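K.L.:
What follows is a predicted structure for the sequence shown.
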Amino acid sequence: MNETLYVQLLNLAAGAFLLAAVLVLWRRELAVIIRVFAVQGAALAGIVAVLAGHEHSAELWAVAAGVLLLRATVLPVLLLRALAGAGTAQRETAPLVNVSASLLAAAVLTMIAYAVSKPLVDLAPSPATRAIPIGLTVVLIGLFVLVTRRHALSQLVGFLLMDNGITAIGFLTTSGVPLVVELGVSLDVLFAVLVLQILTTRMRATFGDTDLDELRELHD
Amino acid sequence: MIGAVLQVIMVVGGSPLLLGLMRQVRAKLEGRAGAGIWQPWRDLRKLFGKEAITPRRTSEVFRYAPLVLFATALMVAVVVPFVTTRSAVGPVADLFAVVALLALGTVTLALAGLDTGTAFGGMGASRAVTILALVEPTLLVAILALSVRVGSTNLATIVSSTLDDPGRVISPVTLLAAVALLVVIIAEAGRLPVDNPATHLELTMVHEAMILEYAGTDLALVELASAMRLTVFLGLLATLFVPWGIATAATPAALAVGVAAFAVKVGLLGVLLAAGEVFLAKVRLFRVPELLAGSFLLALLAVSASFFLA
Amino acid sequence: MTVTMVAFGLALGLCLAAVLAAAVSPPERRSLVVGVGTAGSGVAAVVAGVAAMAGSGFSLVLPWVLPLAGVRLALDPLGGLFVAVVGGVAAVAGVYGIGYSGHGLNGRAVQALLPGFVAAMLLVPAADGVGTFLVCWELMAVTSLLLVLAEHRRRSEVGEAGLWYGVMTHLGFVAILVGLLTFAAHAGSDSFAALRSAHLAPALASVVFVATLVGFAAKAGIAPLHAWLPRAHPEAPSHVSALMSAGMVNLGVYGIVRVGADLLGGGSRWWWPLVLLLGAVSAVYGILQAAISSDLKRLLGYSTTENMGLVLIGVGAAGMFAADGNRALAGLALAAALLHVVNHAAFKTLLFTAAGSVLHATGTRDLDALGGLRPGMPVTTALFGMGALAASALPPGAAFVSEWLLLQSLVHGLPPSGVGTAILLPLAVAAIALTAGLSVATFVKAFGVGFLAKPRSEAAARATESPRTMLAGMGLAGLVCVLLAVAPMVVLPGVGAVAGGVTGAADPVVRGAITLELSTVAGSLSPLLLALALLAGVVAAAGAVRAVGARHARRTARLWDCGGGPLTARMEYTATSFAEPLQRVFDNVLEPEDDVDVTHARESAYLVESVEYRRRVPDRIERRLYRPVVAVVAAWGRAGRLLATGSVHRYLGYGFYAVTGVLILLAVTR
């Protein structure tokens, strides 16, 4: 692959990856958010694919296909199914912090991510490592979503965002995690989602709601 | 010099056509016949033939606001290299000045709205300056992102550097800045989903509320200036992000290409915008800050990308 | 004897003469004599300042005036700039004061204090030794405090404002005192020259800088030390407000530049990002409070906080660039900051004096009760409009040029910088942009609601134009505003040279006569041509309209009222309603207090008789930061009252115990 084309494609994929994380903060409807999450999965697969094309590694191509399958199709479908069962009260995310403020917070988080990962990038400057801050930003945004959203389902999305970010950092730093490790991680995530989905279903069956603020009452 | 004249002719003559084109596209997409793209010109001709009315107890501000609004749009049409970068007025104003000039237009109209002393006038003015205040950070940070790697905020310099290195256009910096600018331009030009130019419903009006008291030639001037502002905004977007076709030499052929390219680009942008508006509803005024905060974030990301990815 | 020295001496002499004249002249002539003296002194000070900026400074030691160190005076270009600014404001305030003092402000003390205040402000930038500086600073604080209290018999709020100002300015003074005396003690001398050559340990230098920064920031009205400013500036007589808001606050900036950049020579890296952050926070917070304020003079006071914040952004950026070794860019940033000081002085003088005229004519500062002043006060309206344009950072206004320069320095500072700069600079640009946007909203509100449309009260409807001397003072300020807006090149080379001298930038910052071109980086702007083009555009449009649509003449008609009878002033948008959307957008920052009282009819709880709605937007920083401190101090005060029983013998006894205790302590420890 041509070097400039490689850099541009990588940057584009990374940009889309970040943009999807921002859109998760921006939009309120959970259905849209889950679709955006699927787009992010595709962007992640894109990053891996670009790296694969650059390194001519069949293994990475396989990982890219796996990422696409799991994160752009399987997980969103699972989430959408959970949403469909959740009833009308759960359609919107009901954040604890209002949207404008969380977008501004995301701006600050981006700056922090860039500042923190600068030494890391300087260790081995290459087009791939320069995109590390983006991965870190997505991790931070995921954490932010996890902290500020009320419904269990939107928190799940936050968790998955974090995982996407971590995976992206992994690929960008090492240009390729061993296939076995990636498979293991993916399997973990899949299980985590399944378990959480079952948990939320149970919670709803028991309490009629998955608003985590109400779980506080369990404490007493 | 000839370039500047061409630009003025293009903007003044073409902006009502752009408006007509956008309305026609909307009409077609909504299954209506539409009035044809010449309708805004016909409206303007009618309005120019009617007397202007000054409400009692209004001051010079109300009288001269349409003229100032028109003059600011005209100045931007001269200064921005829409058709050619070879302009003698290049050093007079840069991107910051262009943004400030367009803001000046909004401000004069807001003052005119307040000057009438009606509830609508005040309401429109209040909303317009609120949006203006929130738009400003995004605009300036996006400008920062675009000018950092060029090392200048001069428009001609930015355009020619993009022309020299076309690969830049699909870089993350440019794309993020483009999206951010698109959002704020929609807000500033008073299009959906921030303001609905076709409404006269008191709860939703912004621009229309400020100009309710204008009639005749005054109204014609305001309408023409608003159309020019839309053209100028879309032209700015086209010039900054799709600069191809802009003449870098002063030959007649290059200028002709520049004129044609400008018409095509702005027309295309207008059609896309109109098509997009069919699917949009106006958002509540108090949801607008969310939209603008989002675009601000994108602009800031563009700046950091220009610094860290470069 | 240089021309600088003569002019400066003349300025001080005229002030002194005015003080004496105020004491002896008959009441009906008093304001005229004092006004002329103050104005003359201002003009002389402008001459002295400009001459000092041109390089003919002076240095003077008068060992016999003060005990211990004596008085050291010197005027270098940096000091000259601030002397010139103060002089300009004083000239306007002097002329304006002649007419303004007509009612109730003609007392001997108030009239004598005004030139005294001016003299103190002129002496601060000319001080060349720690002792002299501190004495002049305190003189300035005391005279201004007494002037703030001038109208305390008429309004009870004046007393409270004076208390806030007095306490805060003296706490600030203590901070400066501690900082400068520590500095002088380690340098081993009182004179600034010795301080310059002294090498302080970095930790000690930081202590000195932070202590003085606290004091100077309090004087400049920088958040969170701004609480006195929106209280004291509105309550002072308007020409004193102008002197304080356009003259005195600048000296806080002067102090920061003098101590941080000049005496300490740049110092540690972290100082300047701190200054920049303080500036950014003040700019945004100040203009946000101004945007929702409906008291005209309070709005202007908050706008002062905003503008000083912008200046500090420039100063901080200059310090950061200088620390990075980029001297040329540091010169540009500092020049932008200093130009903004000049611009702000011009338009704030104009705005405060115009607000004073409104107060003079209507007796109110409440924007919700103003409006419709255009027919009665055409000149004041036009002048306030000019000031508002200059203040709102739009072309063709004065602030636009300085903010443009500031933005240029920030844009060009980004590429080669480190991570910290890369994060701070975009945020600074965003802060400037938000400030610019909000200041537009603020001044559209102040001008549009305050002066245009229909009068909202009887007093506003009856308003008539102010006396000629007031108009002359305002006109002078307006002229300067226009000059600075269209021809900034008149002052920019001088300002640039001052900035270059402080930062060590070799080249001139800008060149060109009509088009302003940055010399070290790419960038150009022509305020004059922009203004002319705007004028030409307006004329062309008017001509074209006349040519195209000449068939019918313009007609005056009743405002369209849906056939429901004439619209009343109660149907208009007020300043509060105008700012409501902004206030709602920034709800999280401002935390307004809403209060709804519903009174039910006696017959049934379902019928509502009246609904009362109150909203207050208290200063949030004040509530969070000051209230606990004030509460603690008050608690201490109550505890202290236990000691005061009313017995004089006991009080004398306290003194006796204290003296002997100290003596014993000394004897033991020595």
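P.N.:
Structure's in. What do you need? Numbering: from 1, shown residues only, chains lettered A, B, ... in the order given.

K.L.:
of all the residues in chain A, which ones are close to chain C?
P.N.:
By the criterion of Cβ under 8 Å from any Cβ of the partner chain, the positions of chain A lying close to chain C are A:98, A:100, A:101, A:111, A:114, A:115, A:118. No exception for glycine: its C-beta is placed from N, CA and C like everyone else's.

K.L.:
Next one, pLDDT for the most centrally placed residue in chain A please.
P.N.:
The residue lying closest to the centre of chain A (Cα atoms, centre = their mean) is residue A:161, at 2.1 Å. In this model, residue A:161 is scored at 87, pLDDT.

K.L.:
Would you enumerate the residues in contact with the residue nearest to it when sequence neighbours are not counted?
P.N.:
In space, residue A:161 comes closest to residue A:142 once its chain neighbours are excluded; the distance is 3.2 Å by Cβ to Cβ, 6 or more residues apart in numbering or on different chains. Shown in contact with residue A:142 (Cβ atoms under 8 Å, 6 or more residues apart in numbering or on different chains): A:21, A:158, A:159, A:160, A:161, A:162, A:163, A:164, A:165.

K.L.:
The fifth one and chain B, how far apart?
P.N.:
The reference is to residue A:161. Separation of residue A:161 from chain B (Cβ to the nearest Cβ, to the nearest Å) stands at 16 Å.

K.L.:
Next, count neighbours for the residue of the stretch 551-670 of chain C found nearest chain A.
P.N.:
The shortest separation between the stretch 551-670 of chain C and chain A is 6.1 Å, found at residue C:588 (distances taken as Cβ to the nearest Cβ). Residues near residue C:588, counting by other Cβ atoms under 10 Å in any protein chain shown, number 10.

K.L.:
For it, give its distance to residue C:436.
P.N.:
Relative to residue C:436, residue C:588 is positioned 21 Å away (Cβ to Cβ, to the nearest Å).

K.L.:
Equivalent analysis for residue C:203, please.
P.N.:
Taking Cβ to Cβ as the measure, residue C:203 falls 38 Å from residue C:436.

K.L.:
More neighbours: those two, which one.
P.N.:
Summary of the neighbour comparison: residue C:203 and residue C:436, criterion other Cβ under 10 Å, with residue C:436 having more neighbours (29 against 9).

K.L.:
Can you give me the neighbour number for the residue in the stretch 251-400 of chain C that chain A sits nearest to?
P.N.:
Minimum separation of the stretch 251-400 of chain C from chain A (Cβ to the nearest Cβ) falls at residue C:284, amounting to 12.3 Å. Residue C:284 is surrounded by 22 other residues when neighbours are defined as other Cβ under 10 Å.

K.L.:
Next up, the contacts around it.
P.N.:
By Cβ under 8 Å, 6+ apart, the contact set of residue C:284 is C:306, C:309, C:431, C:434, C:435, C:438.

K.L.:
Flag every residue of chain A that's near chain B.
P.N.:
Contacts of chain A with chain B, taken as Cβ under 8 Å from any Cβ, map to A:4, A:8, A:11-12, A:14-15, A:18-19, A:22, A:26, A:98-101, A:103-104, A:106-107, A:110-111, A:114, A:118, A:121, A:130-131, A:133.

K.L.:
From those residues, list the buried ones, please.
P.N.:
Buried members of the residues of chain A next to chain B, counted by 16 or more other Cβ atoms under 10 Å in any protein chain shown: A:8, A:11-12, A:14-15, A:18-19, A:22, A:26, A:99-101, A:103-104, A:106-107, A:110-111, A:114, A:121, A:130-131, A:133.
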